[in-house]
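A.B. asks: my questions are about this predicted structure, shown below with the sequence.
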2 protein chains.
Amino acid sequence: MSTLLDELRTAVGDGAVLVDADVTESYRRDMMPLAPHGAPLAVVLPKAATEVQAVVRACAAAGVPIVPRGAGSGLSGAANAIEGCVVLAMTKMNEIVEIDADNRLAVVQPGVVNLDLRGAVEKHGLFYPPDPSSYDWCTIGGNLSTNAGGLCCVKYGVTTDSVLGLEVVLADGELLKTGRRTVKGVAGYDLTKLFIGSEGTLGVITQATLALRPLPQAPGTMVAAFSAVETAGEAVSRIVREGIVPSLMEIMDATSIAAVEAHLKTELGAGAGCAALLICQSDSGGEAARQELRAIEQVCEDVGADLVHSTFDLAEGQMLLAARRAVLTALEVYGAWMTDDVCVPRTRIAELIAACERIAAEVRLRVAVVGHAGDGNMHPTIVYDPTSEDEFARATVAFNDILAVGLALGGTVTGEHGIGKIKRDWLEKEIGPIAMRTHRAIKAALDPDNVFNPGSMFSMPT
Amino acid sequence: MSTLLDELRTAVGDGAVLVDADVTESYRRDMMPLAPHGAPLAVVLPKAATEVQAVVRACAAAGVPIVPRGAGSGLSGAANAIEGCVVLAMTKMNEIVEIDADNRLAVVQPGVVNLDLRGAVEKHGLFYPPDPSSYDWCTIGGNLSTNAGGLCCVKYGVTTDSVLGLEVVLADGELLKTGRRTVKGVAGYDLTKLFIGSEGTLGVITQATLALRPLPQAPGTMVAAFSAVETAGEAVSRIVREGIVPSLMEIMDATSIAAVEAHLKTELGAGAGCAALLICQSDSGGEAARQELRAIEQVCEDVGADLVHSTFDLAEGQMLLAARRAVLTALEVYGAWMTDDVCVPRTRIAELIAACERIAAEVRLRVAVVGHAGDGNMHPTIVYDPTSEDEFARATVAFNDILAVGLALGGTVTGEHGIGKIKRDWLEKEIGPIAMRTHRAIKAALDPDNVFNPGSMFSMPT
């Protein structure tokens, strides 16, 4: 292997090849405790696509697998190291190459942090919608590889909806350009969207052309409290049914609310007996926003909300959003967390939350449910004592039971986090043998020697 | 071949296998005169996915290619018959299987006519956006296979943006299910979007789950007339730059305007010396729509429009839209038409139109430019005498010259019509050898015996 390390150092420079176990330790895993992770042979930090090409060629020739990664904010272990692999950390390729405001697009390298891109385009009056919860530290490359979602999706879609084209280093080291710079285009297969969400198993994204939107208006915010989860679910269904499209619609269950109130030492105004909070925003501006929030309020009142409150005060709106975003941090008081990611039809949200309550009782652990109600994408989060093997085992049982419930409700085992190294069995359960065979055929066609992230998402026959 | 015909008759019933040349004639080609078309062995009209599976298995075993088709409204020859093939006409599979209004989705068979779906979901207060110009007779299956666009795209995107999942019969006759019924989902590769736009080269779509939107408000319409194409192009750029998102933004050049005025025997109000008309709509409703149209008017006035007029009278708005939609029909007075389909960055529209004027002079033919200005997707349409070989040859030269201009302006050779059998060389010019190799690898992985639409979009090595 010393030959490979030499080649890697030639490719990217000595300082960009990390081999000290103390240093590489922080590149071994993402944020999902369930996922296995090995020790890499080396962590390589390329600064250009040509360097990535050289690294891929060297690893392919040596038969050493490559695991591409961004910041490591993932929640499926997709970016976790495989024993003896080369981790290709894309964080040094963090240049915003171009912002073309007149054509509403940006060209970026994969290591750009989501928040940095948001800030840069905002100066041009533009908006990059995808906003995963880790938006202040996750990278665009990771967002592309997982087809990340976020709070914006109910109005603005997921990452794939904002991408015009990619540059990708293929398994043979060639640089593939997909897509275009124009708004529309149907020249050939949609390779762009094939690579998006492929979790580093088909190639290494080295550049992306992203579609931008006009900057929305400052949002107005509505919060509603419900004494029963069913009523909150009914409100979500009716809002969808009535054709209201808020720019954000989040739900928090009683466990989430209690954790956040304790953590932030504040009352969310939910009051005793509150089973669920619904937080909605409209960014339509002016009278349109007032009408949208009023229509949402009306639905909440009609189904029997205990409290309905709207505000156009930005600080108050941000406080409510901050409370929603603080759920995982707030839960850390009680132990480690393991967050799930099921997406169900929007009419089934209440059933999912009820099932999570049942599962929590069965495994005798705290399960907080928080999620993107407008999409049916829920994140039931299990809290456990990380020093207790027994609690970890019970948390794992709950994690899988929740996935089974999601599937049974007509949903998917992952709305936005991905399959990675933790849901491979569930992928097969969800999509079945013919779709698995199709996946393997595509993987074999594009990466015949299984160089990229082998065994992640699914395994190949040996 | 009599064995294959017997098997086809067993698969779909005697009456659904057409072999009489007089009958199969109308299934040989689409609406693009440039595209080659052969005589099929048979036209088969399946009524169920199981029948499609049997047909695919029989054809694959016999080594006879399959060309899937919908209504035949295509403009690239993708659905044109290959000599000796089986044409799989999906028009009898035209059932709207389900409309789930609460989850805003519809499940449809591929033969459903776009307009029929629009009407059916409208009864539930819902909206299926993709609206290709042939929406009153094209089918959803054809829309999916070409990733069709339309007038709605500037606000609502193209077909792929409205699809949640597919059922597809693969080359081995197995039925693949892709995607999901939920709003979000990242379980595995995005196979749904790989099949969309693949022009019948990877499988036969037998069912689709489509995402619906709330029905928009009745639109307000603005029309502006410009004495120079450059000024109209500047208006489009500024509207985009200012973050206004109309629900429609169409442009017509002087040739298009004259043809329509002669055809409809009406004045469009453009007046003498009008070089371009811009037609915009807002479907945001009420004050929001008024503000959007007023902002667009302001831009048009600022850049020097000769005339600006807005109306919320539905009949008047529909008349203006009807004029826009009448361009191709209006041109038939002068001869046959051959419509092109380039998409350029929105800042380059005026340059494209100017280039088309130059090309028209060079080939001494009428070239009318009409298109979706909000997306930069232009349809320069060449008019020629179909009985003159010389004019047809000059029209073909113009057709290709326009594509070259589109590429040179940073655009694509097809915004929404597809590659089909007429732009195969241009596909390679646009995407290059590495992307071509990637296409062929995927095609070989999914259709190893090249059963589906061989030679369309690109050829495979023999």
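C.D. replies: Yep, it's here.
A.B. asks: using PDB, write out every CA atom in stretch A:151-168.
C.D. replies: Provided in PDB are the C-alpha atoms of stretch A:151-168 (Å, rounded to 0.1, in the frame of the first residue of the first chain):
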ATOM      1  CA  LEU A 151     -37.800  22.800   6.100                       C
ATOM      2  CA  CYS A 152     -38.300  24.500   2.800                       C
ATOM      3  CA  CYS A 153     -39.500  21.500   0.900                       C
ATOM      4  CA  VAL A 154     -43.200  21.900   1.400                       C
ATOM      5  CA  LYS A 155     -43.000  24.900  -1.000                       C
ATOM      6  CA  TYR A 156     -39.700  24.700  -2.800                       C
ATOM      7  CA  GLY A 157     -38.900  21.000  -3.100                       C
ATOM      8  CA  VAL A 158     -35.700  19.100  -2.300                       C
ATOM      9  CA  THR A 159     -32.100  19.400  -3.500                       C
ATOM     10  CA  THR A 160     -32.700  17.700  -6.900                       C
ATOM     11  CA  ASP A 161     -35.300  20.400  -7.800                       C
ATOM     12  CA  SER A 162     -32.600  23.100  -7.600                       C
ATOM     13  CA  VAL A 163     -29.800  21.500  -9.700                       C
ATOM     14  CA  LEU A 164     -29.200  22.200 -13.400                       C
ATOM     15  CA  GLY A 165     -26.000  20.200 -13.900                       C
ATOM     16  CA  LEU A 166     -23.000  18.400 -12.400                       C
ATOM     17  CA  GLU A 167     -19.400  17.600 -12.900                       C
ATOM     18  CA  VAL A 168     -18.600  14.100 -11.700                       C
END
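A.B. asks: any residue of it up close to chain B?
C.D. replies: Yes - under the criterion of Cβ under 8 Å from any Cβ of the partner chain, chain B is reached by stretch A:151-168 at A:153-154, A:157-158, A:160-161. For the C-beta atoms, the positions are set from N, CA and C on the backbone; glycine is no exception.
A.B. asks: quick one: the strands in the stretch 151-300 of chain A?
C.D. replies: Under the criterion DSSP state E, counting those that start in this stretch, the stretch 151-300 of chain A contains strands at A:163-169, A:175-179, A:204-211, A:213-214, A:220-226, A:248-253, A:276-282.
A.B. asks: in a markdown table: the ones you listed, plus mean pLDDT, mean neighbour count and distance to B:I99.
C.D. replies: Shown next, in a markdown table, are the strands of the stretch 151-300 of chain A (pLDDT from 0 to 100; neighbours: other Cβ atoms under 10 Å in any protein chain shown; distance: least, Cβ to Cβ, whole Å):
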| stretch | mean pLDDT | mean neighbour count | distance to B:I99 |
| --- | --- | --- | --- |
| strand A:163-169 | 98 | 24 | 30 |
| strand A:175-179 | 98 | 22 | 33 |
| strand A:204-211 | 98 | 25 | 30 |
| strand A:213-214 | 96 | 15 | 29 |
| strand A:220-226 | 97 | 25 | 29 |
| strand A:248-253 | 97 | 26 | 23 |
| strand A:276-282 | 97 | 27 | 26 |
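A.B. asks: which strands and helices lie in contact with the longest helix along chain A?
C.D. replies: Selection of the longest helix in chain A by residue count, based on DSSP state H, yields helix A:424-446. When contacts are defined as 3 or more Cβ pairs under 8 Å, 6 or more residues apart in numbering or on different chains; DSSP states H and E, helix A:424-446 sits against helix A:389-408, strand B:175-179, helix B:191-195, helix B:424-446.
A.B. asks: still on that earlier bit, narrow the residues of stretch A:151-168 next to chain B to those that are buried.
C.D. replies: With burial judged by 16 or more other Cβ atoms under 10 Å in any protein chain shown, the buried subset of these is A:153-154, A:157-158, A:160-161.
A.B. asks: A:P129 touches A:Y156, doesn't it?
C.D. replies: Yes - judged on Cβ atoms under 8 Å, A:P129 makes contact with A:Y156 at a distance of 3.6 Å.
A.B. asks: what do these two both touch?
C.D. replies: Each of A:162, A:213 lies in contact with both A:P129 and A:Y156 under the rule Cβ atoms under 8 Å, 6 or more residues apart in numbering or on different chains.
A.B. asks: hang on, the earlier thing: pick out the most distant pair among the buried ones among the residues of stretch A:151-168 next to chain B.
C.D. replies: Spanning the widest gap among these are A:V154 and A:T160, at 15.7 Å by Cβ to Cβ.
A.B. asks: got a list of contacts for stretch A:7-17?
C.D. replies: In contact with stretch A:7-17 (Cβ under 8 Å, 6+ apart) are residues A:5, A:42-47, A:51, A:54-55, A:58, A:62, A:86, A:92.
A.B. asks: would TSV of those residues with pLDDT, secondary structure and neighbour count be doable?
C.D. replies: Formatted as TSV, the contacts of stretch A:7-17 follow (pLDDT from 0 to 100; DSSP: H, G, I helix; E, B strand; the rest coil; neighbours: other Cβ atoms under 10 Å in any protein chain shown):
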residue	pLDDT	secondary structure	neighbour count
A:L5	98	helix	17
A:A42	98	strand	24
A:V43	98	strand	25
A:V44	98	strand	30
A:L45	98	coil	20
A:P46	98	coil	27
A:K47	98	coil	17
A:E51	98	helix	22
A:A54	98	helix	20
A:V55	98	helix	26
A:A58	98	helix	22
A:A62	98	helix	17
A:V86	98	strand	27
A:K92	98	helix	16
